[in-house]
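**Q** Got a predicted structure plus its sequence, pasted below:
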Amino acid sequence: MSKLLGWRKIPIGTIILEAGSTFEVRTGDWRTFKPVIDHNKCTRCGLCYYYCPDGSITLEVKDGKIVKVDIDYYHCKGCAICEGICPVKAITMVEEVK
Amino acid sequence: MSISLPKPEYLAPGHAACQGCGATLIVRQVLMALEPDEAAVIVTATGCLEVVTTIYPRTSWRLPFVHLAFENAAAAASGIETALKVLKRKGLLKEKKKMHVIAIAGDGGTFDIGLQALSGALERGHKFVYICYDNEAYMNTGIQRSGATPYRAWTTTTPVGKKIPGKPQFKKNLAGIAAAHEIPYVATASPGYHVDLIRKVRRALNAPGPALLHIICPCPTGWRHDPSKTVEIARLAVQTRFFPLYEILYGRKYIITMPVPKPLPIIDYLKLQGRYAHLLRPEMKGEVEKLEKAVNDFYKWLERMAEATKDIPLPSWYHV
């Protein structure tokens, strides 16, 4: 959604025509602690991907294997579920300094 | 069933759910069960999920989505299912992918307000999947009690006072109500066990008729727990037998999918949640024991049912 529509152009019945448009909303500024992955400890099991309520864990997959796990800080709300779920404690919550 | 990662993200991030929300966690896991050649029409009743994902003029959904009033998620889902069937028969459906219909509602929209629409849809036998994410109160409007609120839980309409410490009634057995319609598939699931949950959704999608999934959904705001504990609480609910995971096929065959031979003490589950803070007082010991007994009695009844019906053969669509 690039700009707000005038009342004449709004689709009837409050239909939203663009799918997944909340993607541009920055929910990353909600958090006070941000998760940081220690890539040396990370075993790339992908558990954090399944348990992130915001879909903020991005996986880089090559030939069906996860090669890198990363965090999308634009959307991560800092709930710390991934910190608790990580079996090897590779994710730590670090206070955000702005 | 094989899962190739990464799955398409059908629920876009950027939605307004609270930190550590169980509902969006469940929806993500549920939609991971869709194969690449499948798509789904999502129907949601009013509730937290609808409110946080579709704040006008934006939407989080990358699938066709219909928002409805509180009571008619199942009714609309049956209409959409029939419409898709007719369009396909007449050759008017352009979509090449196999279309499923998934209705998602909270416990208010299922246990209380949407129950008669749900019952009607299950009885008519529409092929759709109904998912109830059960956060055990009306969280969206400010934590009012619902038929799903468990015994002695605090809500704003069952406050903890001198005479009545939290909700005096027990929770409804939704899986039992759905199973009484003798529909192909009823299951309970927990987002703490993602493999089990995704597999159950897959079975529900494969089932030849209506399927219902009752999923426990920890809610940091309403249950008064730390957002980081969502998954831990969802697991403890199973490990303490508070929310046993089982399946009911055709209303006859019971299967316990996550047996809990040695349950953890229920206080482990209660002490993490602020809504049960009053049960930690020494004078409330009797109430905790009463809850523990009810939970264990139900589990033993389930074990007996599973034992008694183990000779019934499994249908072919069950294997995923």
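**A** Received the coordinates, thanks.

**Q** For chain B, which segments count as helices?
**A** Taking DSSP state H, the helices of chain B run over residues B:22-31, B:48-53, B:73-89, B:115-124, B:174-179, B:194-206, B:220-223, B:230-239, B:266-270, B:285-308.

**Q** Now do the fourth one, average pLDDT.
**A** Per-region confidence: helix B:115-124 scores 94 on mean pLDDT.

**Q** before we move on, back to that, looking at the helices of chain B, which is buried most?
**A** The highest mean neighbour count among these, using mean count of other Cβ atoms under 10 Å in any protein chain shown, belongs to helix B:22-31: a mean of 27. Every residue, glycine included, has its C-beta placed from N, CA and C.

**Q** what does it contact?
**A** A:50-55, A:81, B:7, B:9-11, B:15, B:17, B:40, B:48-49, B:52-53, B:63, B:102, B:104, B:106, B:131, B:133, B:135, B:191, B:194, B:197-198, B:201, B:213, B:215-220, B:230-231, B:234 (Cβ atoms under 8 Å, 6 or more residues apart in numbering or on different chains).

**Q** any idea how far chain B is from the spatially most central residue of chain A?
**A** The structure's chain A has its C-alpha centroid closest to residue A:56; by Cα atoms, centre = their mean the separation is 1.4 Å. Per Cβ to the nearest Cβ, to the nearest Å, residue A:56 is found 6 Å from chain B.

**Q** hmm, back to that, return the subset of the contacts of helix B:22-31 lying in strands.
**A** B:40, B:102, B:104, B:106, B:131, B:133, B:213, B:215, B:216 (DSSP state E).

**Q** Just the closest of these to chain A, please.
**A** Among the ones in strands among the contacts of helix B:22-31, residue B:133 lies closest to chain A (Cβ to the nearest Cβ), at 11.9 Å.

**Q** The closest one: what's it in contact with?
**A** Residue B:133 neighbours (Cβ under 8 Å, 6+ apart): B:22, B:23, B:26, B:27, B:49, B:104, B:105, B:106, B:107, B:215, B:217.

**Q** Read off the pLDDT value for the closest residue to the fifth one other than its chain neighbours.
**A** If I follow you right, that is residue B:49. Distances taken as Cβ to Cβ, 6 or more residues apart in numbering or on different chains place residue B:23 nearest to residue B:49, at 4.8 Å, with adjacent residues excluded. Note on residue B:23: pLDDT of 94.

**Q** Show the low-confidence segments of the stretch 201-320 of chain B, by residue range.
**A** Counting by pLDDT under 70, the stretch 201-320 of chain B contains no low-confidence residues.

**Q** residues making contact with stretch A:87-98?
**A** A:31-39, A:41-43, A:45, A:47-48, A:78, A:80, A:82-83.

**Q** still on that earlier bit, residue B:145: which of the contacts of residue B:133 is nearest?
**A** Nearest to residue B:145 among the contacts of residue B:133, counting by Cβ to Cβ, is residue B:107 at 10.4 Å.

**Q** And the strands in chain A?
**A** Under DSSP E, chain A gives strands at A:33-37, A:57-62, A:65-71, A:91-95.

**Q** Show me what residue of the stretch 101-250 of chain B gets nearest to chain A.
**A** For the stretch 101-250 of chain B, Cβ to the nearest Cβ, closest residue to chain A: residue B:228, 3.5 Å.

**Q** ok, back up a step: quick check: the farthest pair among the ones in strands among the contacts of helix B:22-31?
**A** Largest separation among the ones in strands among the contacts of helix B:22-31 by Cβ to Cβ: B:40 and B:216, giving 22.0 Å.

**Q** Compare these two (neighbour count), which wins?
**A** Using other Cβ atoms under 10 Å in any protein chain shown, the more surrounded residue of residue B:40 and residue B:216 is residue B:216, with 25 against 22.

**Q** count of residues packed around the closest residue to the more buried one other than its chain neighbours?
**A** Closest residue to residue B:216 apart from its sequence neighbours, by Cβ to Cβ, 6+ apart: residue B:243 at 4.7 Å. By other Cβ under 10 Å, the residues close to residue B:243 number 24.
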